[in-house]
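>>> model the following, please.
(chains A and B)
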Amino acid sequence: MYLAEGAARAHYQQYFEWLQAQPSDRLVHKRAEADALFHRVGITFAVYGQEEGTERLIPFDIVPRVLPREEWIRLESGLKQRVRALNAFIHDIYHEQQILKAGLIPAEQVLCNSQYRPEMQDVDVPGGIYAHVAGIDIVRNGEGDFCVLEDNLRVPSGVSYMLENRKMMMRLFPELFSTHRIAPVDDYPDLLLQNLRSVAPVGVADPTVVLLTAGANNSAYFEHAFLAQQMGIELVEGQDLFVREEAIYMRTTQGPQRVDVIYRRIDDDFLDPLVFRPDSMLGVPGLLTAYRAGHVTIANAIGTGVADDKSIYPYVPEMIRFYLGQSPMIGNVPTWMLRKPDDLAYVLAHLAELVVKEVHGAGGYGMLIGPAASSGELEAFRARILKEPERYIAQPTLALSTCPTFGSPGIAPRHIDLRPFVLSGREITLVPGGLTRVALREGSLVVNSSQGGGTKDTWVLEDIC
Amino acid sequence: MLSRTADHVYWMSRYIERAESLARLVDAHYRMSLLPQSGETLEKTLAATLKALSMEDAYRERHVRVEPRRVLEFVSLDREHPGSIMSCLRSARENARAVRGTLTSELWETLNSTWLDARLHGAQGSRVDIGVFVEWVKERSHLTRGVTVGTMLRDEAFHFSRIGTFLERADNTARILAAHQSDLKPGADAAGVPDPYAWSVLLRALSAFEVYRRVYRDVITPHRVAQMLILREDMPRSLLRCCKELYQNLRSVRNDQSQETERRAGEMHAVLHFTRMEAIIAEGLPRFVQQFLDRLRDLGERIASDFLVPPVEA
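Predicted coordinates for the structure are as follows:
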């Protein structure tokens, strides 16, 4: 929001003036009002192992994050490019594997990856689209350029917070929306439904789309229920579906009804107990058979994890060149792959300055934040790295920019990232902005909600009026 | 709609209706407990009520004697006891949460904030004012019903919600009749004046005290009380009224396998519609009530297997 000299950036100027004019107790009241509303509406996430009816709020910050239109347009083109390449990569991996034959990615990195699903080999999916919904985590580097921190291609979540945060801001501070021209985001559910319908199995004119959830105890249940409601589709659990003659049906009060597209929000491992985890109660026995026969579309497709793994991430710029013949518009965060001896040596020498992540980790767990770690923690992590270096990658800590955030000492800078949601179907679409996540603890770099992160409304300013 | 969704909507409505019925019952006894001369009757009707609600064993597991304050707290606030008002509000909310996308946001938010506030009431422990609590529960139930009728599309979800409401209400009215069958025996008042406390509990528990005055403009007699609670179609909590609504809503959701269920619901309605009080008395009220409860249970099971949890098909 501010330049190094302390003045507000141009696109924040108007907001900054408004903020200066606000009595501080008004903001305190507004924040309390937001908390009460979120509780009443039940915009919460379930905490495992606690009593029913005690979900927690994801902290909402009332200071928005603002992006100027030109910056967003550049980012949007870069995201479309990246997701197009990622889809091409997944298709290639499950078909000819040209990129491996070209020697651009070591074959064992892909084929021995636990996220590679041999069951998907030579299966054709409608439109060749695998990652129908992608959440790409974006940060700024030290020079202020956007770069990708992580690709989420399995079941990315958070879009409901993007939508609810906007609604909340409009309710709390309607005056800001008359003085700023903020690009709307509320057509996301329509775009998502359109996108899902566009990838229905061939020959289905009026597809029935459902959202598959793990149920009300799942931490992201609010989002599942919210999206199903907004799209006007059924929210189903595995027990509501069954397979007959390689087709999927749901049990309704009027008898079985055919299902054509499943927007699933459970992981591959739980989808079909006959193929994946046999102990899964969340899936549908026989689903994979119906899927492979082309009688149902699963979004995202099975096996997308092979492309968003942290060990594959460093190769995405290469994929863009290979499949699209273009140079990447958004780069990666510099990443050291500890399986490479040179990288390993560098990282071990600079451990206290770096962030080290597990290749298969998610949710902000299993990582080392060098500058915040004690010498004991550093040594313990060093030992773990030396034991299995191929399990880790490392990145510089500059990878998160800050944004003013309203907290107990008033407004203070906190680290943020941005997750835009990219929809791929017959075409690639996204709504302006995305979900801004913020690390609420001073100095913290972890924005995950499971680790005390919060969210903000994200504004793409159409122009300054 | 999904069978599981229908099931949750149905149970959501049953639980909120049950919470209201219990609140009214607790309220009636609570008022009585404030009168110094009511002691013996109060304990008697409380014991009979616990029995009719099938809560006797659960109560005895926790408490030795039937003490009014204990019973009222047990029925209202005991979160360990799945039949308490508190537990009903939680179950209503949990069922609503499982299908929140099917409900209007107003309805979901009403049920959700009811539960959030109920926890605040419950947190007061034994300092809670039972009278205030049950008054509040009734208001929340009225609000829930108003929001349901005022905002929901008249689709299957609505009909299943109504089926839940009226099945539960019929069950509650029948159980309260069962608890008071000795007061309703013909000639129960012959020995002299009927026990005014017992009457007021019975009528207040069914929101029927004022209605009685309005309808009969006369002294309270067992015959008329029974007539009103069983056979008056314009009385919202009477057995006849509940059966009529049940039958109509079942017709709106009929499917390929629900013919027999619909027929039985129609039969229950027709019998109540065409019978006379004299016939019920000749049969014996306790027997009549028991038979009604049995038929209602059968209907509930049939609704479940026709619509809500259909048998697995291959």
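>>> C-alpha only now, for contacts and for neighbours.
Fine.
>>> wait, what's in contact with the residue minimising distance to the centre of chain A?
Centroid check for chain A by C-alpha atoms, centre = their mean gives A:Gly135 as the closest residue, at 3.2 Å. By C-alpha atoms under 8 Å, 6 or more residues apart in numbering or on different chains, the contact list for A:Gly135 reads A:Asp151, A:Asn152, A:Leu153, A:Pro156, A:Ser157, A:Arg419, A:Pro420, A:Phe421, A:Val422.
>>> tabulate these (CSV), appending secondary structure.
Output for the contacts of A:Gly135, formatted as CSV (DSSP: H, G, I helix; E, B strand; the rest coil):
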residue, secondary structure
A:Asp151, strand
A:Asn152, strand
A:Leu153, coil
A:Pro156, coil
A:Ser157, coil
A:Arg419, strand
A:Pro420, coil
A:Phe421, strand
A:Val422, strand
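>>> buried residues in whichever strand or helix holds B:Ala6?
Per DSSP states H and E, B:Ala6 falls inside helix B:3-33. For helix B:3-33, the neighbour count (16 or more other C-alpha atoms under 10 Å in any protein chain shown) marks B:3-30, B:32-33 as buried.
>>> can you tell me which of those are up against chain A?
Filtering these for neighbours of chain A using C-alpha under 8 Å from any C-alpha of the partner chain leaves B:Ser3, B:Arg4, B:Ala6.
>>> now do stretch B:215-225: distance from first to last residue.
One end of stretch B:215-225 to the other measures 11 Å (C-alpha to C-alpha, to the nearest Å).
>>> distance between that stretch and the chain's centre?
In terms of C-alpha atoms, centre = their mean, to the nearest Å, the centre of stretch B:215-225 is found 22 Å from the chain centre.
>>> local confidence estimate at the residue of the stretch 1-150 of chain B found nearest chain A?
At 4.0 Å from chain A, B:Leu2 is the closest residue in the stretch 1-150 of chain B, using C-alpha to the nearest C-alpha. B:Leu2 is assigned 94 on the pLDDT scale.
>>> again, but for B:Phe74
94.
>>> likewise the one 4 residues further on?
pLDDT for B:Asp78: 91.
>>> in what helix or strand does the residue of the stretch 101-250 of chain A found nearest chain B lie?
Nearest residue of the stretch 101-250 of chain A to chain B (C-alpha to the nearest C-alpha) works out as A:Gln229 at 4.5 Å. Taking DSSP H and E as the criterion, A:Gln229 maps to helix A:221-231.
>>> can I get that helix in CSV, CA atoms only?
Extracted C-alpha coordinates of helix A:221-231, given in CSV (Å, rounded to 0.1, in the frame of the first residue of the first chain):
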residue,chain,number,x,y,z
TYR,A,221,-18.0,-27.8,4.3
PHE,A,222,-19.3,-24.2,4.3
GLU,A,223,-17.8,-23.6,0.9
HIS,A,224,-19.2,-26.8,-0.5
ALA,A,225,-22.7,-25.9,0.7
PHE,A,226,-22.3,-22.4,-0.4
LEU,A,227,-21.2,-23.2,-4.0
ALA,A,228,-23.9,-25.9,-4.5
GLN,A,229,-26.5,-23.4,-3.4
GLN,A,230,-25.2,-20.6,-5.5
MET,A,231,-25.1,-22.9,-8.6
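>>> what mean pLDDT does that helix get?
On average, helix A:221-231 scores 93.
>>> next SSE after the biggest helix by length in chain A?
In chain A, taking DSSP state H as the definition, the longest helix is helix A:69-93. Using DSSP H and E, the helix or strand that follows helix A:69-93 in sequence is helix A:98-101.
>>> following the helix or strand in which B:Thr165 is found, which helix or strand comes up?
If you go by DSSP H and E, B:Thr165 is part of helix B:156-179. Of the helices and strands lying after helix B:156-179 in sequence (DSSP H and E), the nearest is helix B:181-184.
>>> what's the following helix or strand past that following helix in contact with?
With elements assigned by DSSP H and E, the helix or strand that comes after helix B:181-184 is helix B:196-205. Contacts of helix B:196-205 with the rest of the structure, by C-alpha under 8 Å, 6+ apart, involve B:21, B:24-29, B:32, B:38, B:41-42, B:45, B:176-177, B:180, B:183, B:209.
>>> taking helix B:3-33 as reference, get the angle to helix B:196-205.
Here helix B:196-205 runs at 150 degrees with respect to helix B:3-33, directions being taken by axes from the mean of the first three to the mean of the last three C-alpha atoms, to 10 degrees.
>>> quick one: mean pLDDT over the helix or strand following helix B:196-205.
Downstream of helix B:196-205, the next assigned helix or strand under DSSP H and E is helix B:209-216. Averaging pLDDT along helix B:209-216 gives 87.
>>> flag every buried residue along helix B:209-216.
Neighbour-count burial for helix B:209-216 flags B:Phe209, B:Tyr212 (criterion: 16+ other C-alpha under 10 Å).
>>> kindly report the same for stretch A:275-287.
So, applying 16+ other C-alpha under 10 Å, buried residues of stretch A:275-287: A:Val275, A:Phe276, A:Ser280, A:Met281, A:Leu282, A:Gly283, A:Val284, A:Pro285, A:Gly286, A:Leu287.
>>> OK, contacts around the closest residue in space to B:Leu239 that isn't next to it in sequence?
What sits nearest to B:Leu239 in space, not counting adjacent residues and going by C-alpha to C-alpha, 6 or more residues apart in numbering or on different chains, is B:Ile230, at 4.8 Å. The contact partners of B:Ile230, by C-alpha under 8 Å, 6+ apart, come to B:Ser238, B:Leu239, B:Leu240, B:Leu272.
>>> the second one: neighbouring residues, count only.
The burial metric for B:Leu239, expressed as a neighbour count using other C-alpha atoms under 10 Å in any protein chain shown, is 28.
>>> over to the first one?
One way to gauge burial is a neighbour count; for B:Ser238, by other C-alpha under 10 Å, it gives 23.
>>> next, give phi and psi for it.
Main-chain dihedrals, B:Ser238, degrees, to the nearest 10: phi -70, psi 160.
>>> measure the nearest residue to it once chain neighbours are set aside to chain A for me?
The shortest distance from B:Ser238 to any non-neighbouring residue, by C-alpha to C-alpha, 6+ apart, is to B:Leu229 (4.5 Å). Distance of B:Leu229 to chain A, given as C-alpha to the nearest C-alpha, to the nearest Å: 33 Å.
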